[in-house]
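Student: Sharing a model that was predicted from the sequence below.
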Amino acid sequence: MLHLARRRPRPLIVRLVILAAGLLFAGLLLASRAHAQEAVRSAAIVLLRGADTVLVQRLTRTADRVESVVTGRGMPSISVTYELAPTHLISRATFSARAPGAPVDAAPLQRGSIAFERDTAHITLSAGTNERVLHPATKPGALPLFNNDFTAFEQGVRIARARGATSLVLPLLALSSGQTVDATLDLVGADSARLSVMGNVTMAAVDSEGNVTGGYLPGQNTTMHVVVGAAAAAITIGAPDYSAPSNAPYRAEEVRVRTPAGHTLSGTLTIPTTAKGRIPAIVTITGSGQQDRDESIAIVSGFRLFRQVADTLSRRGFAVLRLDDRGIGGSGGDVNGTTADFADDIRAGVAYLRTRREIDGRRIALVGHSEGGMIAPMVAAADRRIAAIVLMAGPADRGDSVIAFQLRSAVAQEPSIAPAARDSALNAVRAQFDSTSGRAPWMRYFLSYDPLSVIRQVRQPVLILQGATDQQVTADQAPRLERALRASGNRRVTTHVFRDRNHLFLRDSSGAPSGYSRLPSGRVDDEVMGTLADWLVATLRP
């Protein structure tokens, strides 16, 4: 997806802006001292949406320290260590982020720390050799707010009980926006509590010490399940299933693709079992943010866009190659790169298909989503043997225009920011972006990249698909892509804008990323899949 920043290393505070678009605001980094006699407690809090595991938080608690690691499929792993002060506040928190699927001992992509001094927060952010120091204004007694961390919920219960209060208003510094917001914690009887922050509610059962023992997030239709003791360390989010469905008319083969840069990409190649002769093939291209080969998104239950694409197209006679991005799943490679570098990975996938005797090398097409809709034209413009491309929510605007819109939209849709304060909040977010994420190599390339300059060089047939309510790549960009192609002499262009579809091509009348976690289904419907498949069948004739 084309969020505020790409999958490449960048300061964590900006990564949290991205995650906040849809992830659960379950955790507040509240702090209090545990009872002096409290033993070391190890637990795993598992979030489930139906039977789908959304994420796992492992935490270890002592009297003056909490260590937390939050992981989710396709999400960066966030580790935080909280040092607890006698006043029940956080004296210091240190945090780090690792690539999705990376082991806990892998080198972090980013690291940082945060501490409070009266009405000022002191934040350090490091990415590689770059370090930034920020001093945002806040409220006295404010606590830092991270995503998906239930430590604060537990600490909030401890604070309320210690003060003899049944309700507390807690100032929180949201790292996602740099703004301080007020959250409300209510004790409901002796064994449960409710936390409300920025429109998100968490209901949880708690034990006599204030630890969560289970709960429910009604806005996300998500339940919490807790495993305590040694068994907590064994809780994991299972490896994705890339096999073909039972009785499917195709097989799924695990493949390894060697790139000219020297790294290897892992992927799945689906091949129809009834096809005769050499068959056409598709390479899928994921959007921004480190993605697995399915482009699965943990916050949207069942969303596996490219698994659906592979299943739909392989049932209609196409081979489909989908690859894990660099640094995720089984893929290696340096994640410090630009969109042009990642286009080389797709070229390697195309070259691999041309070595397969089942594949007709003259009938290879590209299907790119979001940033993948930038990469597909880059590859096709330089390789006229590519037979066709499909752009799913591909941008027409320069990157700086896309980012400016997304920053404005994020502030406008944030309910915790009063209308009168939005101009100042937007200025603060822009300044924060310029001093952090805006300096990353990927972002610098993206900000100045003009998709239309490349799309004008594409001579192959092009299908442009767009959601009408998309709030990440707006719907008005689709016709501009078509006009640019036709003006350059390419008449083989088709555009479909789907009513009430968001950036993920899911039915969504709002289209705001902040609502993704509340969508009832992550399955892209037959209208979108059928339009894609019918056009490719007509164009490549499997």
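Tutor: Yep, that arrived.

Student: Give me the domain ranges for the chain.
Tutor: The record's domain parsing of the chain by automatic domain parsing lists 12-234, 250-398+450-540.

Student: All the helices of this structure, in order from the start?
Tutor: Remark: helices assigned in the chain by DSSP state H are 12-19, 151-163, 305-314, 339-354, 372-382, 399-412, 422-435, 441-448, 451-455, 477-487, 526-540.

Student: avg pLDDT for the fifth one?
Tutor: Read that as helix 372-382. Averaged across helix 372-382, the pLDDT comes to 98.

Student: What of the last one?
Tutor: Throughout helix 526-540, pLDDT has a mean value of 98.

Student: who does it touch, helix- and strand-wise?
Tutor: Contact analysis of helix 526-540 by 3 or more Cβ pairs under 8 Å, 6 or more residues apart in numbering; DSSP states H and E lists strand 279-285, helix 305-314, strand 359-369, strand 388-392, strand 462-467, strand 493-498 as its packing neighbours. No exception for glycine: its C-beta is placed from N, CA and C like everyone else's.

Student: Can you list the low-confidence ranges for the stretch 51-200 of the chain?
Tutor: 51-52, 74, 103-105, 175-178 (pLDDT under 70).

Student: OK, contacts around Arg92?
Tutor: Contacts for Arg92 (Cβ atoms under 8 Å, 6 or more residues apart in numbering) come out as 82-83, 113-115.

Student: and if you look at Glu482?
Tutor: 464, 493, 495.

Student: Among the residues you listed, which one lies nearest to Asp334?
Tutor: Using Cβ to Cβ, Ile464 is the member of the contacts of Glu482 that lies nearest Asp334, at 31.7 Å.

Student: What is the burial count for that closest one?
Tutor: Number of residues near Ile464 (other Cβ atoms under 10 Å) recorded here: 25.

Student: what's the answer for the one 5 residues further on, then?
Tutor: The local packing of Thr469 (other Cβ under 10 Å) involves 19 other residues.

Student: Count the neighbours of Ala475 for me.
Tutor: Using other Cβ under 10 Å, Ala475 is surrounded by 18 other residues.

Student: surely it meets His496?
Tutor: No. When contacts are counted by Cβ atoms under 8 Å, Ala475 is not listed as touching His496 (11.1 Å).

Student: in the stretch 351-500 of the chain, which segments are predicted with low confidence?
Tutor: Scanning the stretch 351-500 of the chain for pLDDT under 70 picks out 416, 432, 435-437.

Student: Now render the helices and strands packed on helix 526-540 as JSON lines, adding distance to Pro479.
Tutor: Listed next are the helices and strands packed on helix 526-540 as JSON lines, based on distance: least, Cβ to Cβ, whole Å:
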{"stretch": "strand 279-285", "distance to Pro479": "22"}
{"stretch": "helix 305-314", "distance to Pro479": "23"}
{"stretch": "strand 359-369", "distance to Pro479": "18"}
{"stretch": "strand 388-392", "distance to Pro479": "12"}
{"stretch": "strand 462-467", "distance to Pro479": "8"}
{"stretch": "strand 493-498", "distance to Pro479": "6"}
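
Student: Of all the helices of the chain, which one comes closest to Thr264?
Tutor: Judged by Cβ to Cβ, the one of those that comes nearest to Thr264 is helix 339-354, at 9.4 Å.

Student: buried ones in that closest one?
Tutor: Buried positions in helix 339-354, judged by neighbour count with 16 or more other Cβ atoms under 10 Å: 339, 341-343, 345-353.

Student: what do you get for stretch 520-534?
Tutor: 522-524, 528-529, 531-533.

Student: can you put those in TSV and add distance to Ile386?
Tutor: Converted to TSV, the buried residues of stretch 520-534 look like this (distance: Cβ to Cβ, whole Å):
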residue	distance to Ile386
Gly522	30
Arg523	29
Val524	24
Val528	23
Met529	22
Thr531	21
Leu532	17
Ala533	19
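
Student: Out of the residues you listed, flag the one nearest to Leu185.
Tutor: In terms of Cβ to Cβ, no member of the buried residues of stretch 520-534 lies closer to Leu185 than Gly522, at 31.0 Å.

Student: wait, isn't that closest one in contact with Glu295?
Tutor: No. Here Gly522 lies out of contact with Glu295, judged by Cβ under 8 Å, at a distance of 10.9 Å.

Student: Identify the contacts common to the two.
Tutor: 303-304.

Student: Tell me the bridge partners for Ile389.
Tutor: Beta bridges link Ile389 to Leu366, Val462 when assigned by DSSP bridges.

Student: Around Ala190, count how many other residues there are.
Tutor: Counted with other Cβ under 10 Å, the neighbours of Ala190 add up to 8.

Student: For Val411, see how far away it is.
Tutor: Using Cβ to Cβ, to the nearest Å, we find Ala190 at a distance of 40 Å from Val411.

Student: do the same with Asp64
Tutor: Taking Cβ to Cβ as the measure, Asp64 falls 37 Å from Val411.

Student: Compare these two (neighbour count), which wins?
Tutor: Using other Cβ under 10 Å, the more surrounded residue of Asp64 and Val411 is Val411, with 21 against 15.

Student: Now do the contacts for the residue nearest to the more buried one when sequence neighbours are not counted.
Tutor: Spatial nearest neighbour of Val411, excluding adjacent residues (Cβ to Cβ, 6 or more residues apart in numbering): Leu426 at 4.7 Å. Contacts for Leu426 were tallied using Cβ under 8 Å, 6+ apart; they are 407-408, 411.

Student: Just name the closest of those residues to Thr87, please.
Tutor: Of those, the one sitting nearest to Thr87 (Cβ to Cβ) turns out to be Val411, at 32.4 Å.

Student: ok, that closest one touching Ile417?
Tutor: Yes. Under the criterion of Cβ under 8 Å, Val411 makes contact with Ile417 at 6.1 Å.

Student: What about Thr81, how many residues nearby?
Tutor: By other Cβ under 10 Å, the residues close to Thr81 number 16.

Student: Mind putting the domains of the chain into TSV with distance to Ala440?
Tutor: Rendered in TSV, the data for the domains of the chain read as follows (distance: least, Cβ to Cβ, whole Å):
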stretch	distance to Ala440
domain 12-234	7
domain 250-398+450-540	9
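
Student: if you compare the ones you listed, which one is most tucked away?
Tutor: Mean neighbour count (mean count of other Cβ atoms under 10 Å) peaks for domain 250-398+450-540 among the domains of the chain, with a mean of 21.

Student: So what would you say the end-to-end distance of it is?
Tutor: 18 Å (Cα to Cα, to the nearest Å).

Student: now do stretch 81-96
Tutor: End-to-end distance of stretch 81-96 (Cα to Cα): 9 Å.

Student: between the buried residues of helix 339-354, which is nearest Asp241?
Tutor: Distances from Asp241 to the buried residues of helix 339-354, taken as Cβ to Cβ, are shortest for Gly349 (21.3 Å).

Student: residues contacting Asp311?
Tutor: 245, 248, 270.

Student: give the contact list for the first one.
Tutor: Shown in contact with Pro245 (Cβ under 8 Å, 6+ apart): Asp311.

Student: between the contacts of Glu482, which is closest to Arg161?
Tutor: The closest of the contacts of Glu482 to Arg161 turns out to be Ile464 (Cβ to Cβ; 57.2 Å).

Student: Report the contact partners of the closest one.
Tutor: So Ile464 contacts 391, 394, 478, 481-482, 493-496 (Cβ under 8 Å, 6+ apart).

Student: what do you get for Ala261?
Tutor: Neighbouring residues of Ala261 by Cβ under 8 Å, 6+ apart: 333-334, 341, 344-345.

Student: could those residues go into TSV alongside pLDDT and distance to Ile237?
Tutor: Output for the contacts of Ala261, formatted as TSV (pLDDT from 0 to 100; distance: Cβ to Cβ, whole Å):
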residue	pLDDT	distance to Ile237
Gly333	87	22
Asp334	81	25
Asp341	95	28
Asp344	97	30
Asp345	97	25
